[in-house]
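Student: starting from these lines, generate the structure:
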Amino acid sequence: MKTTYLFILFLIVVAAQIIVPTHMIFNREDVLNTGIAYKFKTKPIDPSDPFRGKYITLNFEVDQYITEDTTWVRDEVIYVYLDIDSLGFAEVNKISKEILPDIDKDFVEAKVNWYAGYSKELNIDFPFNRFYMEESKAYTAEVVVRENLRDSLLQNVYALVYVKEGESVLKDVIIDDIPIKDYVEQNELENE
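Tutor: Next comes the predicted model:
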């Protein structure tokens, strides 16, 4: 009898280990296939996380929002409502502590990074602020971007993020209309 219960428990655990990741993958693919694409203007830097591998950390130009509300708490979940500016990049329309059903705009679930009362500035921690790359390419990507930004040659760096019903998926980082992986490979070929 005990063996039967252990076997049933084992099957439940196995099923959960298959169902949960599968659901996450399908949810991510749904956002990519049916969500709206937003371009978030960014400046990449490159730390290394020994537990997660190599990635580029993305700092966004729209990660700050001026608000009179002073009750923001670090790591609090917030909802960032989006617009598109005249150049086609994402901009923050409104921020709320709860979903606003009367606003017909795409939104992203994010967190409060910090709030500065003196400047009334809320800093947003977007959930798509890391772009993982092949370990051998991440550092090169960061160097290429940093050098181009320093020389003012690079005018167009953004993260391509798909948004649907509060969910967001970072698809790619684009440099001068070229995906960052292709840009790095092109740069490596030029430097050989």
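Student: for the helix or strand where residue 168 lies, the averaged confidence score.
Tutor: Taking DSSP states H and E as the criterion, residue 168 maps to strand 167-175. Summarised as a single mean, pLDDT over strand 167-175 is 90.
Student: parallel or antiparallel, list what pairs with the helix or strand that that strand is followed by.
Tutor: Using DSSP H and E, the next helix or strand after strand 167-175 towards the C-terminus is strand 178-179. Sheet pairing here is set by DSSP bridges, and for strand 178-179 it gives strand 167-175 (antiparallel).
Student: which elements pack onto the helix or strand containing residue 159?
Tutor: Assigned by DSSP H and E, residue 159 belongs to strand 157-164. Helices and strands touching strand 157-164, by 3 or more CB pairs under 8 Å, 6 or more residues apart in numbering; DSSP states H and E, are helix 2-34, strand 36-45, strand 107-116, strand 167-175. C-beta: built from backbone N, CA, C; applies to glycine.
Student: list the buried residues in the third one.
Tutor: What it means is strand 107-116. Neighbour-count burial for strand 107-116 flags 107-113, 115 (criterion: 16 or more other CB atoms under 10 Å).
Student: hmm, who's touching that strand?
Tutor: 63, 70, 72-82, 99, 121-127, 161, 163, 166-168 (CB atoms under 8 Å, 6 or more residues apart in numbering).
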